[in-house]
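Undergrad: Next come a sequence and a model predicted from it.
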Amino acid sequence: MKSPLILALATAATLATSLVPAQAGDVQGDAYDCQELWVMRNQMYKDAGYCFSTTRALTYFGNGGCTTSNHADLVLSGQDQQTLHAVKKSEARQSCS
């Protein structure tokens, strides 16, 4: 059984993904704050097998099941790539660190 947080993140990612074309690449017109965007972006990396190195990401996600520490080695679907681009764009616009 998935935790409520994972279900909420999956729902948010699905919603954000479905809105990407309507918002010309924006994630709901910046409806998400920096923390939410960080979680969405890194959840996609985690799901793709990324091995985190920062304390923040390791504390939040851990490295169970990771396979690579190189972003270039991650295999993301076209939909995930679009969502990731939209999340990064929103993070940049909001000056997230």
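TA: All right, it came through fine.

Undergrad: Excluding sequence neighbours, find me the nearest residue to C66.
TA: Take C66 and drop its neighbours on the chain: the residue closest to it by Cβ to Cβ, 6 or more residues apart in numbering is C51, 3.6 Å away. For every residue, glycine as well, the C-beta is placed using N, CA and C.

Undergrad: So that neighbour is in contact with D73, correct?
TA: No: counting by Cβ atoms under 8 Å, C51 stays clear of D73, with 10.1 Å between them.

Undergrad: Looking at the two, which one has more neighbours?
TA: A count of neighbours by other Cβ atoms under 10 Å puts C51 above the other of C51 and D73, at 15 against 11.

Undergrad: mind checking how far that one is from S97?
TA: C51 is 22 Å from S97, where distance means Cβ to Cβ, to the nearest Å.

Undergrad: Next: R56.
TA: Distance, R56 to S97, by Cβ to Cβ: 11 Å.

Undergrad: Show me which of these two is the more surrounded one.
TA: Using other Cβ under 10 Å, the more surrounded residue of R56 and S97 is R56, with 10 against 6.
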